[in-house]
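*Asks:* the following comprises the amino acid sequence and a computationally predicted model.
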Amino acid sequence: MQAVLKKSPRNAPVGIIIGEAFLSRLSFGIITFALPFLALALGMSYTEIGILATLRLVAATALRPLVALIVNRLGTGRLYLAALLLRTLVALLFAFASAPWMLYGIRLLHGLSTALRDPTAAILITETGESARMARSFAWYATAREGGAMLGYLIAGIGLTWTGDDYRLIFLVSTLLSLTSLLLVALRFPRPAGGPPVADKAVQTAEAPAGQGWRHLALWGLLVTLGATLVTGLFPIIATEYGGLSKAEISLILTGSTLLTLFGTPLFGWVADRYSRRMVAGIRAGTSIGSSLILWLFPHFFGILGGRLTDDAGKAAFRPAWGALIADFTTPYTPQQRRNFITYLDTAQSTGEALGPVLAGLLWDNLGIYWLLAFRVLLGIGAELYAYRFIGAPRGQEEQIPLLTEPVSGLLLSDEQMATQGTGADGWLSAFVNASALHRLPPACLHRLAERMEAIAFREGEVVVWQNDPSDFYYLIREGGCRLLHNDVEVGTLGPLDAFGEEALVAGNSRNATVVMISDGLLMRIGREDVEEILLRPMVKRISLEEVRSLALKGAILIDVRSRREYRQRRLVRSINIPLFLLRAKLRKLIPARPYILYCDDGSRSLIATFLLILAGYEAYLLDNPQTAFKVLAARD
């Protein structure tokens, strides 16, 4: 087990997706900046260049529904890699394009890569991100995309100037960046474990309720993005034709707007996680109303500046909150259904973005700018009323998972259902999750836990595991009770919702006790690889020496889980000693309000101890690289 852990990627999956987003948008920003100039050099008209610019988005929007049909057959990870490979090919083809028809064909391929990549990236974030930090995960994802695109524009502008418009070289640089993002994901993104074992049918095959929540969310997302892009899609034209601004003034406003988006998105992500995701997402409709009124009343530089910054504040708020709402609304469904729904929701948002500029142009041409702004105000009001009626008024953090009252595979139940069903066929795992720290797991991990658990029935007096046998499974007691025997002496009993076997399983040791049924019962078990993938990696957080110092200032307690002899020989300053074999007995004596940092000499015993404390509901962290800590923080006798 230790060898597996040491070889596993150190970066969290969401971090890898964020890194890929930055590199891909860096490459995409270079293409976006250079492509219109290449088209102009090839003799294309302004109209043709405009069509070329929108072709990717139109193709991506049209092809996104197809992704829902293939994502569960090919797998999210494979589709993600295929999209990145196709995007790299697109950048390479642009380097050798020499005719307008080539640009159109490559742009269609670019749209296909976007249709494949964007929804699969969103699915992977929802499946691997921590539920309580979901908005912040999407916030950093959006910030990485925005920052990468801005840097790409800068590189392309400087590159074309220095190389004398050498488009081939510029697109080859874009290809190299796209290839780097592909290699990052291919080499560093963790591969899923093998298929789930045959599990309890009540857990594995139950279908999620159909529900209407995701459909209402999709229509609301379309209305909000449609209203927002009515102005943002035509901003340069509105600024020059309506506000009378120069190109330099527009550039200044766009610089400020980019900075607001970069710094505001993470802030709004934190607010969405801390308070209400629905409320933060709804800010965008409100800013559409506010910016339209500002533009109407103040058609000059400061009015255009205020309107644009107001719009960008809504954009910064919407991106992380929208991603988190998607995760929340699709949590109750099976993984297959959830992936389809996320694709549909992403399609709804992109459809609004594609239709916005087109509808704005039609309204402006036929009715005038004031009617366009008035229509935008009405659309924003309608979006807010629709959200209040069908999605729910923003109340606070409790509405982050609005559909948890619908049971899914026996996993997620309301408090009322828990009270009436207890530990029966539908409630046992929910009860265990709520009674332990497993509620901290991402929703996707909880679903995988339900899918991969195997139900085993035992008779009274039957031995579940023998002392000194190899450890292969982690057990949860669903029904019945057990007694623990160490060297044929009874040392304790276990009942429903208790678990055992994690110590030997994680450490790779043999069983230290015999477990015998004291009544007929039903036990759920999960194998070693699944424990590592679903429980250990998401739940156990490794911290550095610098983070130890920071937590110490907040009252953290450092626990050495080695033997007393090892502790006396060498220990860290201000640490206490609770040997691993005594940790269970000492759990109730620990102070619940204090964080705990655990260590040993190589991380094996402290990994088990950290996992035990987390399962017991304590805030616990695993000290990374303890040997380095011994050199810096060793206690002196």
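*Replies:* Here it is on my side, so go on. What you see is a predicted model, and the numbers here were worked out from it, not measured in a lab.
*Asks:* can we go C-alpha only for contacts and neighbour counts from here?
*Replies:* Will do.
*Asks:* list the contacts of stretch 239-252.
*Replies:* If you take C-alpha atoms under 8 Å, 6 or more residues apart in numbering as the criterion, stretch 239-252 is touched by 236, 299-301, 304, 369.
*Asks:* top of those by number of neighbours, please.
*Replies:* Counting neighbours by other C-alpha atoms under 10 Å, residue 304 comes out on top of the contacts of stretch 239-252 with 27 neighbours.
*Asks:* sorry, back to before: so can I have JSON lines of the contacts of stretch 239-252 showing secondary structure, pLDDT and distance to residue 93?
*Replies:* Formatted as JSON lines, the contacts of stretch 239-252 follow (DSSP: H, G, I helix; E, B strand; the rest coil; pLDDT from 0 to 100; distance: C-alpha to C-alpha, whole Å):
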{"residue": "236", "secondary structure": "helix", "pLDDT": "68", "distance to residue 93": "30"}
{"residue": "299", "secondary structure": "coil", "pLDDT": "83", "distance to residue 93": "43"}
{"residue": "300", "secondary structure": "coil", "pLDDT": "84", "distance to residue 93": "43"}
{"residue": "301", "secondary structure": "helix", "pLDDT": "85", "distance to residue 93": "41"}
{"residue": "304", "secondary structure": "helix", "pLDDT": "84", "distance to residue 93": "39"}
{"residue": "369", "secondary structure": "helix", "pLDDT": "82", "distance to residue 93": "40"}
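*Asks:* I'd like the residues you listed as CSV, with distance to residue 317 appended.
*Replies:* Output for those, formatted as CSV (distance: C-alpha to C-alpha, whole Å):
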residue, distance to residue 317
236, 22
299, 25
300, 26
301, 24
304, 20
369, 26
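*Asks:* which pair in those spans the largest distance?
*Replies:* 301 and 369 (16.7 Å; C-alpha to C-alpha).
*Asks:* for the most centrally placed residue in the chain, which non-adjacent residue is spatially closest?
*Replies:* The residue lying closest to the centre of the chain (C-alpha atoms, centre = their mean) is residue 125, at 2.7 Å. Spatially, and ignoring its direct neighbours in sequence, residue 125 is nearest to residue 14 (5.8 Å; C-alpha to C-alpha, 6 or more residues apart in numbering).
*Asks:* can you say which helix or strand has the one you found in it?
*Replies:* Taking DSSP states H and E as the criterion, residue 14 maps to helix 13-41.
*Asks:* what is that helix packed up against?
*Replies:* When contacts are defined as 3 or more C-alpha pairs under 8 Å, 6 or more residues apart in numbering; DSSP states H and E, helix 13-41 sits against helix 46-74, helix 100-128, helix 134-163, helix 167-188.
*Asks:* those: which one's closest to residue 522?
*Replies:* helix 100-128 (29.1 Å).
*Asks:* relative orientation of that closest one and helix 46-74 in degrees?
*Replies:* In terms of direction (axes from the mean of the first three to the mean of the last three C-alpha atoms, to 10 degrees), helix 100-128 departs from helix 46-74 by 40 degrees.
*Asks:* please shift the residue numbers so they start at 23 in all later answers.
*Replies:* In the new count, where the first residue is 23, that last one comes out as helix 122-150.
*Asks:* I'd like the distance from helix 122-150 to the chain centre, please.
*Replies:* Chain-centre distance of helix 122-150: 19 Å, with C-alpha atoms, centre = their mean, to the nearest Å.
*Asks:* and for stretch 58-66?
*Replies:* On the basis of C-alpha atoms, centre = their mean, stretch 58-66 sits 39 Å off its chain's mean C-alpha point.
*Asks:* give me the buried positions along that stretch.
*Replies:* 58-61, 66 (16 or more other C-alpha atoms under 10 Å).
*Asks:* and if you look at stretch 287-302?
*Replies:* Within stretch 287-302, the residues that count as buried by 16+ other C-alpha under 10 Å are 287-295, 297-302.
*Asks:* which elements pack onto the top helix by length along the chain?
*Replies:* Looking across the chain with DSSP state H, the single longest helix is helix 357-388. Judged by 3+ C-alpha pairs under 8 Å, 6+ apart, helix 357-388 is in contact with helix 68-96, helix 122-150, helix 235-254, helix 323-352, helix 391-408.
*Asks:* what about stretch 489-499, average pLDDT?
*Replies:* Taken as a whole, stretch 489-499 has an average pLDDT of 81.
*Asks:* so which bits of that stretch are buried?
*Replies:* 489, 493-499.
*Asks:* can you tell me how far residue 642 is from residue 403?
*Replies:* 46 Å (C-alpha to C-alpha, to the nearest Å).
*Asks:* my guess is residue 199 meets residue 48, correct?
*Replies:* Yes - contact between residue 199 and residue 48 holds when scored by C-alpha atoms under 8 Å: they sit 7.3 Å apart.
*Asks:* between these two, which is the more surrounded one?
*Replies:* Shown here are residue 199 and residue 48; by other C-alpha under 10 Å, residue 48 has more neighbours (28 against 23).
*Asks:* that one: what's it in contact with?
*Replies:* Residue 48 sits next to 167, 169-174, 196, 199 when contact means C-alpha under 8 Å, 6+ apart.
*Asks:* and with 10 Å instead?
*Replies:* Going by C-alpha atoms under 10 Å, 6 or more residues apart in numbering, residue 48 touches 42, 54, 166-178, 196, 199-200.
*Asks:* next: residue 320.
*Replies:* Shown in contact with residue 320 (C-alpha under 10 Å, 6+ apart): 265, 314, 326-329.
*Asks:* lowest-confidence one in those?
*Replies:* Within the set of the contacts of residue 320, pLDDT is lowest for residue 265 (80).
*Asks:* what's the spacing between that residue and residue 619?
*Replies:* 59 Å.
*Asks:* quick one: the helices in the stretch 423-572 of the chain?
*Replies:* Secondary structure of the stretch 423-572 of the chain (DSSP state H, counting those that start in this stretch): helices located at 437-443, 450-457, 465-474, 524-529, 550-552, 559-561, 567-574.
*Asks:* average pLDDT for the third one?
*Replies:* Average pLDDT, helix 465-474: 73.
*Asks:* which one, of the helices and strands packed on helix 357-388, ends up nearest to residue 600?
*Replies:* Across the helices and strands packed on helix 357-388, residue 600 has its closest neighbour in helix 122-150 (33.0 Å, C-alpha to C-alpha).
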